[in-house]
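Asks: My questions concern the predicted model and sequence given below.
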Amino acid sequence: MNNNTFYETLGRLFSRTRTRKTAELISSAGMSMGAEAFLGFLLTIDALITILLFIIFSSIPLLRNEILKLSAFLIPSLTASSLLVPALLTFIISVCLTSLLVFLLSYTVLIMLAEERKKQVESVLPDFLLLASSNVRAGMAIDSALWHAAKPEFGLLSREVENVSRQAFAGTPFPKALDMLSMRFDSKALRRSISLIKQGIASGGEMAQILERTAEDSRAMQILAKEIYASLLMYVIFIVFAAAIGTPFLFAVSTKLISILEGVFASMPVISSAAGAGFIHPVSPSISSSEFYLFTLASATITAVFASLIIGAIQYGSKKQGIKYIPLILGASIAIFLLISALLDAYVSV
């Protein structure tokens, strides 16, 4: 209890808009933790990892020297006479890296959990609505019809409907209980179904017919989504090939070419300006192979992220569904790059 109070106090440092959006995401992910406590917990983890990362950067000579070089590049006049700038720069780098890692990873996990729950619910929603419609035709009220339609085969949706029905039977107004159900999932299909049910209750409409039509529309949308994905399958294959195979292959060849040119220009004799007057002089590459290697890693990461998001949008209609493909495409891209680089080093030499 004390820990929750401490985390909630830290969580109040965030804006109300951020807290409200986090609460919606936590609810969609199926977690019961409060938004302020969750944000405070992330902030505590962020601070601890930042301190650890700062110690690591300060204690490893290689990293410390790189930070000193960066400090000398940014503020040469202060770095020469003070150690404050490197220490401050190390702290800023630690905070940025840790915050990016902790919050991005946490929100990614929440989004993936919410999307998985959404997928489970939308897959059984048409059958659930049809069963509820049959219960209404049998003479049940809408709240009892939904309660008796919550069969075990509907899994997660049945458990959430049972919780909402208990709250309705305990005195919570039924429309408000339905709103609580819609907040538990980030599903447009479920929200639309609940909105139609509430409108039918308010207007005294034929609930059985409303439920049947909603179930038919939901099933038609699922069939249409599958047809769209089948028609765009070739685009998915092309994107995967380009991101996981084509891009790292070209980067590996380019890295080897730069390495060869570095060796060639290093072995060339120096030509004086007088002796070489009037002739075209070849110029060594402006970047080194090690610098291009870092560029390759950054570019491969960005390509994998955008390729995964595009695949998620094509396959499921939601970019969030593509997050789970990022590790696979990025891992394949790096593996292909290292494999091609090793083969070129083995069979191609200056």
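Replies: Received, thanks. Numbering: from 1, shown residues only.
Asks: Run through the neighbouring helices and strands of the host helix or strand of Val164.
Replies: Val164 belongs to helix 156-169 when assigned by DSSP states H and E. In this structure, helix 156-169 makes packing contacts with helix 84-137, helix 142-149, helix 174-183, judged by 3 or more Cβ pairs under 8 Å, 6 or more residues apart in numbering; DSSP states H and E. Where C-beta positions appear, they are placed from N, C-alpha and C, glycine not excepted.
Asks: which phi and psi does Gly204 have?
Replies: phi 70, psi 30 (degrees, to the nearest 10).
Asks: and the gap between it and Asp186?
Replies: For Gly204, the distance to Asp186 equals 31 Å [Cβ to Cβ, to the nearest Å].
Asks: which one of those two has more residues nearby?
Replies: Relative neighbour count places Asp186 above the other of Gly204 and Asp186, with 21 against 7, counting by other Cβ atoms under 10 Å.
Asks: How about that one, nearest residue that isn't a chain neighbour?
Replies: Ser28 (4.1 Å; Cβ to Cβ, 6 or more residues apart in numbering).
Asks: And Thr9, by the same measure?
Replies: Closest to Thr9 by Cβ to Cβ, 6+ apart is Gly40, at 6.7 Å.
Asks: same question, Leu297
Replies: Ile334 (7.5 Å).
Asks: Equivalent analysis for Glu153, please.
Replies: Closest to Glu153 by Cβ to Cβ, 6+ apart is Val124, at 7.7 Å.
Asks: okay, Glu76: pLDDT?
Replies: For the record, residue 76 is Pro, not Glu. Model confidence at Pro76, expressed as pLDDT, equals 61.
Asks: Check which helix or strand the residue nearest to Thr9 maps to.
Replies: Gly40 belongs to helix 35-59, assigned by DSSP H and E.
Asks: can you pull the buried residues of that helix?
Replies: When burial is assessed from 16 or more other Cβ atoms under 10 Å, helix 35-59 yields the following buried residues: 35-44, 46, 49-50, 53-54, 57.
Asks: Kindly calculate the angle that it makes with helix 84-137.
Replies: 150 degrees (axes from the mean of the first three to the mean of the last three Cα atoms, to 10 degrees).
Asks: What helices and strands are in contact with helix 35-59?
Replies: Short answer (3+ Cβ pairs under 8 Å, 6+ apart): helix 35-59 packs on helix 2-11, helix 16-28, helix 61-74, helix 84-137.
Asks: Count the neighbours of Arg166 for me.
Replies: 12.
Asks: And it, how far from Leu146?
Replies: Distance from Arg166 to Leu146, by Cβ to Cβ: 12 Å.
Asks: which stretches of the stretch 151-300 of the chain have low pLDDT?
Replies: 265-286 (pLDDT under 70).
Asks: And the helices in it?
Replies: All helices of the stretch 151-300 of the chain, identified by DSSP state H, counting those that start in this stretch, fall at 156-169, 174-183, 188-203, 207-231, 233-241, 247-267, 289-316.
Asks: can you pull the buried residues of stretch 221-229?
Replies: Buried residues in stretch 221-229 (16+ other Cβ under 10 Å): Met221.
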